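Chemist: I would like the atomic coordinates for the input below:
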Amino acid sequence: MNKNYESTRDNSINITSKQAILNGISDDGGLYVWPGLDEVSIDLSQICSQTYQENAFTILSALLPDYTEEELKDCISNAYTNTFAAADVTPVRKVGDVYVLELFHGPTSAFKDVALTLLPQLMQKALRSANQKALILTATSGDTGKAALSGFKDVDDIDICVFYPHNKVSAIQYRQMATQEGKNVKVYAIEGNFDDAQSQVKKLFLDEELNAYAKEHATLLTSANSINVGRLVPQVVYYFESYKYLVNQGVIQLGEEVSFSVPTGNFGDVLAGYYASLMGLPVKKFYVASNANKVLTDFISTGTYDRNREFIQTISPSMDILISSNLERLLYYMSGKDTALIKEYMDSLSKTGKYTVSAEILEKIQAKFGCGYVDDTKTKQVIKETYDETKIVLDPHTAIGYSVAKENVERPIVSLATASPYKFSQDVLAALGVEEKDEWKAMKLLTEYCQDPAPVQLACLEEKEILHKDVISVEQMKVVVKEQIHD
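Modeler: Purely as a prediction, here's the structure:
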């Protein structure tokens with residue numbers, strides 16, 4: 001079996017997993033994928049008898065074959081020892097007739113923590129092997145930025161620069177990033193939306209002049225977004241973990257199929273589930289749950305991906321995305337690993353803002369993926385109804401996944417809870433019928449409703465000093481990156 005990763009757009013590009021994690025994105029603009037992924041077979045009975053850390057080792061050993069056993073175990077121990085409030089890292093809670101996989105018990109109260117506590121460890125090992133230092137460039141729609149800043153803070157030989165859309169993240173998300181401490185971190189608000197930031201970051205990775213400048217300063221430019229395979233693969237673990245829970249609780253027998261509903265904008269979180277299914281996890285259907293920016297719903301329904309539409313700012317800002325980068329990886333596998341075809345689709349997306357897949361590929365996608373979308377009005381309604389019926393409070397993103405799960409017939413179904421409701425206290429309270437304009441009072445008020453206390457790392461933000469105040473244009477992003485390289 002070929003152990004190397006290749007580009008989604010050129011199968012002649014072959015590199016190790018360590019190199020893929022360091023590079024972030026391929027020189028041709030493609031994303032790194034492992035052709036042998038569908039040849040892996042994970043032993044489900046073993047998974048159901050192991051701890052989270054042991055399962056992470058089992059799964060990541062297959063996905064990152066050039067890391068030694070010692071390196072991987074060290075990375076996993078550093079990432080998941082006493083860093084999550086929940087002992088089992090990603091606990092499952094039954095809410096009505098849906099099993100909710102809670103991914104928000106990490107240091108920044110969002111699902112990105114599961115991967116972004118581990119990625120710095122993986123990257124540091126790879127850098128030591130290559131004798132390099134790195135600068136992380138990350139665009140964020142709200143949660144990735146803080147999780148990356150937290151994970152990479154003061155890590156030796158790695159600097160990080162985060163860009164988020166000005167006035168288009170929640171008040172708490174803004175506070176989390178703007179108060180970030182660390183000698184190696186920079187944070188910038190950009191004039192535009194998330195897609196503007198992400199597109200420019202991708203361009204910077206491919207900018208020959210910038211890369212030459214970085215090379216002069218012995219610095220490698222790389223990413224902490226889910227375009228980086230090192231950000232993506234740790235998320236595979238919690239799909240197996242939720243299956244373990246259902247088996248061990250007697251909900252299903254070993255080998256029975258389950259379904260998943262995943263709130264997503266960039267397609268990375270649900271793609272990790274698809275990776276799990278390729279590795280042997282018995283999955284009947286994945287439901288891709290979108291907010292009003294329903295580009296993924298339209299794609300799965302019609303086969304045409306079209307980002308030429310109005311960008312809608314919603315109360316689920318981490319999903320306010322029109323360019324779903326990780327969809328490219330799904331198309332690679334669904335097309336039979338046809339890199340020339342994927343390049344054709346992505347060139348069309350770049351030039352015209354859209355592409356249409358073949359009828360054969362669409363049929364394959366629809367056999368495995370369902371979809372649905374939920375606008376703000378419905379999101380608020382779901383938060384209120386769920387609380388009234390179960391006394392469980394959902395954040396706006398989780399409510400979208402939960403709503404789509406409830407609307408579909410497959411059972412058992414696991415719905416992914418991607419963020420703590422405390423990150424969106426004002427909007428959640430408003431959905432519950434309580435208006436509070438002060439974000440800190442709103443967080444305290446929410447404790448009267450919520451099943452969990454406010455996470456300490458969020459409650460303490462009120463007292464923290466704002467350290468990052470710069471608002472820049474998209475065009476200025478290259479300038480500030482060069483400044484950070486020079487520093």
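Chemist: CA atoms only for the one helix or strand Asp347 maps to, dumped as CSV, please.
Modeler: Using DSSP states H and E, Asp347 sits within helix 339-352. What follows is helix 339-352 as a C-alpha-only set of coordinates in CSV (Å, rounded to 0.1, in the frame of the first residue of the first chain):
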residue,chain,number,x,y,z
THR,A,339,-7.1,14.2,-10.0
ALA,A,340,-7.4,15.7,-13.6
LEU,A,341,-11.2,15.9,-13.2
ILE,A,342,-10.9,17.5,-9.7
LYS,A,343,-8.5,20.1,-11.2
GLU,A,344,-11.1,20.8,-13.9
TYR,A,345,-13.8,21.4,-11.3
MET,A,346,-11.6,23.6,-9.1
ASP,A,347,-10.4,25.7,-12.1
SER,A,348,-14.0,26.2,-13.0
LEU,A,349,-14.8,27.3,-9.4
SER,A,350,-12.0,29.8,-9.5
LYS,A,351,-12.9,31.2,-12.9
THR,A,352,-16.7,31.2,-12.8
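Chemist: Can you give me the buried ones in that helix?
Modeler: For helix 339-352, a neighbour-count test (16 or more other C-beta atoms under 10 Å) marks 339, 341-343, 345-346, 349 as buried. All C-beta atoms are positioned from the backbone trio N, CA, C, and that covers glycine.
Chemist: Redo these as JSON lines? Include distance to Lys437 and pLDDT.
Modeler: JSON lines is the format used below for the buried residues of helix 339-352 (distance: C-beta to C-beta, whole Å; pLDDT from 0 to 100):
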{"residue": "Thr339", "distance to Lys437": "52", "pLDDT": "98"}
{"residue": "Leu341", "distance to Lys437": "51", "pLDDT": "98"}
{"residue": "Ile342", "distance to Lys437": "47", "pLDDT": "98"}
{"residue": "Lys343", "distance to Lys437": "49", "pLDDT": "98"}
{"residue": "Tyr345", "distance to Lys437": "45", "pLDDT": "98"}
{"residue": "Met346", "distance to Lys437": "44", "pLDDT": "97"}
{"residue": "Leu349", "distance to Lys437": "40", "pLDDT": "96"}
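Chemist: okay, the residues you listed in CSV with distance to Ser403 next?
Modeler: As requested, those are exported to CSV (distance: C-beta to C-beta, whole Å):
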residue, distance to Ser403
Thr339, 36
Leu341, 34
Ile342, 32
Lys343, 36
Tyr345, 30
Met346, 31
Leu349, 29
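Chemist: contacts for stretch 305-317?
Modeler: Here stretch 305-317 makes contact (C-beta atoms under 8 Å, 6 or more residues apart in numbering) with 141-142, 168-170, 173, 193, 195, 263, 291-293, 295, 298-299, 320, 322-324, 327, 345, 349, 353-357, 375-376, 379-380, 396-397, 400, 424, 427.
Chemist: Show me the shaky parts of the stretch 1-150 of the chain.
Modeler: Scanning the stretch 1-150 of the chain for pLDDT under 70 picks out 1.
Chemist: all strands for it, in order.
Modeler: For the stretch 1-150 of the chain, the strands defined by DSSP state E, counting those that start in this stretch cover 5-7, 10-15, 32-33, 92-95, 98-102, 133-139.
Chemist: and Ser259, which of those is closest to it?
Modeler: Nearest to Ser259 among these is strand 98-102 (10.2 Å), distances taken as C-beta to C-beta.
Chemist: Okay, strands next: where are they in the stretch 301-450 of the chain?
Modeler: For the stretch 301-450 of the chain, the strands defined by DSSP E, counting those that start in this stretch occupy 304-306, 354-356, 369-373, 413-417.
Chemist: Report the mean per-residue pLDDT for the last one.
Modeler: I take that to be strand 413-417. On average, the pLDDT along strand 413-417 is 98.
Chemist: Also the third one?
Modeler: Strand 369-373 shows a mean pLDDT of 97 in the predicted model.
Chemist: Likewise for stretch 391-398?
Modeler: Mean predicted lDDT for stretch 391-398 stands at 97.
Chemist: same thing with stretch 239-251?
Modeler: Stretch 239-251 shows a mean pLDDT of 98.
Chemist: Provide the contact partners of it at residue level.
Modeler: By C-beta under 8 Å, 6+ apart, the residues outside stretch 239-251 that reach it are 42, 44, 47-48, 50, 52, 55, 59, 88-90, 92, 99, 101, 252-254, 258, 260, 272-273, 276, 281-282, 412, 414.
Chemist: Which among those residues count as buried?
Modeler: By 16+ other C-beta under 10 Å, the contacts of stretch 239-251 give 42, 44, 47-48, 50, 52, 55, 59, 89-90, 92, 99, 101, 252, 258, 260, 272-273, 276, 281, 412, 414 as buried.
Chemist: Pretty sure Val162 sits against Ser150.
Modeler: No. Under the criterion of C-beta atoms under 8 Å, Val162 is not in contact with Ser150, lying 10.8 Å apart.
Chemist: following whichever strand or helix holds Phe260, which helix or strand comes up?
Modeler: In the assignment (DSSP H and E), Phe260 maps to strand 258-263. Sequence-wise, the next helix or strand downstream of strand 258-263 (DSSP H and E) is helix 268-278.
Chemist: Within its sheet, name the partner strands of the next helix or strand after that next one and how each one runs.
Modeler: Scanning forward in sequence from helix 268-278 by DSSP H and E, the next helix or strand is strand 283-290. Strand 283-290 has its sheet partners listed here by DSSP bridges as strand 258-263 (parallel), strand 369-373 (parallel).
Chemist: how distant is the longest one from the center of its chain?
Modeler: With C-alpha atoms, centre = their mean, to the nearest Å as the basis, the distance from the averaged C-alpha position of strand 258-263 to the chain average is 15 Å.
Chemist: and that strand, average pLDDT?
Modeler: Strand 258-263 comes out at a mean pLDDT of 98.
Chemist: now the angle from it to strand 98-102?
Modeler: Angle of strand 258-263 versus strand 98-102, following axes from the mean of the first three to the mean of the last three C-alpha atoms, to 10 degrees, is 60 degrees.
Chemist: Can you tell me which of the contacts of stretch 305-317 are buried?
Modeler: Buried, going by 16+ other C-beta under 10 Å: 141-142, 168-170, 173, 193, 195, 263, 291-293, 295, 298-299, 320, 322-324, 327, 345, 349, 354-355, 357, 375-376, 379-380, 396-397, 400, 424, 427, out of these.
Chemist: And the helices in the stretch 1-150 of the chain?
Modeler: Ranges of helices in the stretch 1-150 of the chain, per DSSP state H, counting those that start in this stretch, are 17-23, 44-47, 52-63, 69-80, 112-116, 119-130, 143-152.
Chemist: TSV for the ones you listed, including distance to Asp438?
Modeler: Compiled in TSV, these are given as follows (distance: least, C-beta to C-beta, whole Å):
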stretch	distance to Asp438
helix 17-23	42
helix 44-47	46
helix 52-63	37
helix 69-80	35
helix 112-116	27
helix 119-130	35
helix 143-152	21
